[in-house]
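In: Sequence plus the predicted model coming up.
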Amino acid sequence: MTRVGCLGVVLLAVSCTGAPPSLEDGGPTPAIAKLTHLSGKVLVKRSNGDDWIDAVEAMDLRENDKVRTTAGAGASVDFASGGTMSLGEDALIAIAETRVRPGLERSDVTVIRGRVDAELPDTKSQSISVTTPHVTVRAGRKIEFQ
Amino acid sequence: MIATASLALLLLAGGSPAAAADSTGAAVVTIVVDDGGTKVHNKGATWVSVTPNSEGKTQVLAPGGKAEYGSGAQEPATTTTTAAASSGSGSGARNVTAPSLLTPGDGEKVKVKASERGPGQVVLTWTPVAGAREYAVEFSVDNGKPILLKASGAQAKLPPIPGGKVAWAVRTVGEGTTSELSDRRWFELQSEPIKLEAKGGGWK
């Protein structure tokens, strides 16, 4: 009986450390995109970090991470859901929260500044939503009206 | 007008315009954001929609279509759109727009860890708005009295809340003007209790 009790305490401790990350602790979330085709100086700011760090090829991007390209730089963001976004120079974007709905994968990005080219290869099953300070642009199978 | 209404109905019904229904082409959209506003160019073979963050009409851009939204404008400055689904008044009188809410998602269950200092705190985020001086966050817990918070950036940390259904929305505050309230969202806050472990053998 004592052994069972100890096992319970151990399991409790494991479940505590294995709990899903909350907004509070800013723990790691699944990568939803990769940074590719880097050209020039490209910087990344993690959602739980304060500093801009140099981007590297194939770097994982998670929700609320930010990507910045400097003058003359460029990069691509390849979403696990299939969409791609090319960033021109002097651009600033944020990987927004992505919610996957049954039968529909969706990539959300906030473009704060600069030029981006968003491409969605499979518009029958995927959609992409890009928000700027002024508008929200949606492309793909399901076009919604508010 | 009839063609426009029919197109809107097709889209609202979850279908696609005839030109796009059989298309398997890629969607390609170029978006440019600068101090002057947002420019959208649909370079793909399918239709895209453009919705102002504040009140206004959702525009549908046909392949090849372009639209431009100014910083203070709530209607596209120039557009070659082919259909519109109306919503809102689109008065265009205000200088700042309401932000789009980002996180937590609508209806999301959010768990925060409590600490010795009390319940954990949730961070709300939204899109930054050009011309914003600050933001006014309105939230309520379990349909209680609305509480107002001010935030200088596009995020705000709620005070410690033990748990409950939290509804929230944000206004943009500009120089001498305030936007309409954003869309309202809610999330279910679940506070994880502190796990206490008692170690035996400490007292004799």
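Out: Yes, it's here.
In: Going by C-alpha atoms from here, please, whenever you check contacts or count neighbours.
Out: Noted.
In: buried ones in stretch A:116-125?
Out: A:V116, A:D117, A:A118, A:E119, A:L120, A:P121, A:D122, A:T123, A:K124 (16 or more other Cα atoms under 10 Å in any protein chain shown).
In: whoops, stretch B:101-117 was the one
Out: B:L101, B:L102, B:T103, B:P104, B:G105, B:V110, B:K111, B:V112, B:K113, B:A114.
In: Need the buried residues of stretch A:116-125 in TSV (columns: pLDDT and secondary structure).
Out: Compiled in TSV, the buried residues of stretch A:116-125 are given as follows (pLDDT from 0 to 100; DSSP: H, G, I helix; E, B strand; the rest coil):
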residue	pLDDT	secondary structure
A:V116	94	strand
A:D117	93	strand
A:A118	92	strand
A:E119	90	strand
A:L120	87	strand
A:P121	85	coil
A:D122	81	coil
A:T123	79	coil
A:K124	77	coil
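In: From these, pick out the ones that also neighbour chain B.
Out: A:V116, A:D117, A:A118, A:E119, A:L120, A:P121, A:D122, A:T123, A:K124 (Cα under 8 Å from any Cα of the partner chain).
In: closest to B:Y69 among these?
Out: A:V116 (16.0 Å; Cα to Cα).
In: Can you tell me how far the closest residue to that closest one other than its chain neighbours is from B:V166?
Out: Distances taken as Cα to Cα, 6 or more residues apart in numbering or on different chains put A:L87 closest to A:V116, at 4.7 Å, once the chain neighbours are dropped. With the distance defined as Cα to Cα, to the nearest Å, A:L87 ends up 36 Å from B:V166.
In: Those two: who's more crowded?
Out: Under the criterion of other Cα atoms under 10 Å in any protein chain shown, the comparison of A:L87 against B:V166 puts A:L87 first, with 26 against 18.
In: right, and the more buried one touches A:A71 too?
Out: No - using Cα atoms under 8 Å, A:L87 is not in contact with A:A71, being 11.5 Å away.
In: Specify the beta-bridge partners of A:V111.
Out: A:I93 (DSSP bridges).
In: Just list the residues touching it, thanks.
Out: A:A91, A:L92, A:I93, A:A94, A:V130, A:T131, A:T132, A:P133, B:V33 (Cα atoms under 8 Å, 6 or more residues apart in numbering or on different chains).
In: Now the residue nearest to B:N42 when sequence neighbours are not counted: which helix or strand?
Out: With Cα to Cα, 6+ apart as the measure, B:V29 is the residue that lies nearest to B:N42, at 4.6 Å, once sequence neighbours are left out. Assigning secondary structure by DSSP states H and E places B:V29 in strand B:27-34.
In: Contacts for that strand next, please.
Out: A:111-123, A:132, A:139-140, B:38-48.
In: and if we set it to 6 Å?
Out: A:113-120, B:38-44, B:46 (Cα atoms under 6 Å, 6 or more residues apart in numbering or on different chains).
In: Next, work out how far apart B:G176 and chain A are.
Out: 19 Å (Cα to the nearest Cα, to the nearest Å).
In: What mean pLDDT does stretch A:87-105 get?
Out: Averaged over stretch A:87-105, pLDDT sits at 72.
In: so where's chain A shaky on pLDDT?
Out: Along chain A, the parts satisfying pLDDT under 70 run over A:1-28, A:97-107, A:141-146.
In: need the strands for it, in chain order.
Out: A:33-39, A:42-45, A:52-54, A:59-61, A:66-69, A:74-79, A:84-87, A:92-95, A:105-120, A:126-131, A:135-140 (DSSP state E).
In: Let me see the domain layout of chain B.
Out: B:2-85, B:101-192 (automatic domain parsing).
In: For chain B, what lies in contact range of chain A?
Out: B:26-34, B:48-53, B:111-112, B:128-129 (Cα under 6 Å from any Cα of the partner chain).
In: what about chain B, any weak spots by pLDDT?
Out: Scanning chain B for pLDDT under 70 picks out B:1-24, B:54-55, B:71-94, B:114-119, B:193-204.
In: ok, now with 80
Out: Applying pLDDT under 80 to chain B flags residues B:1-25, B:53-60, B:62, B:70-95, B:113-120, B:143-146, B:159-163, B:191-204.
In: May I ask you to name the longest strand in it?
Out: strand B:163-174.
In: Neighbouring strands of the following helix or strand past it in the sheet, and parallel or not?
Out: Where DSSP H and E defines the elements, the next helix or strand beyond strand B:163-174 is strand B:177-178. Applying DSSP bridges, strand B:177-178 is found paired with strand B:163-174 (antiparallel).
In: Show me what the partner strand is in contact with.
Out: B:98, B:131-142, B:178-179, B:181-182, B:184-191.
In: Quick check: phi and psi on A:A71?
Out: For A:A71, the backbone dihedrals are phi -60, psi 130 (criterion: degrees, to the nearest 10).
In: Please tell me how far it sits from chain B.
Out: Taking Cα to the nearest Cα, one finds A:A71 at 14 Å from chain B.
In: What count of nearby residues applies to that residue?
Out: When neighbours are counted by other Cα under 10 Å, A:A71 comes out with 13.
In: Now do the contacts for it.
Out: Neighbours of A:A71 in contact, by Cα under 6 Å, 6+ apart: A:E89, A:D90.
In: A:G140 is in contact with A:V130, correct?
Out: No - taking contacts as Cα atoms under 6 Å, A:V130 lies outside contact range of A:G140: 11.6 Å.
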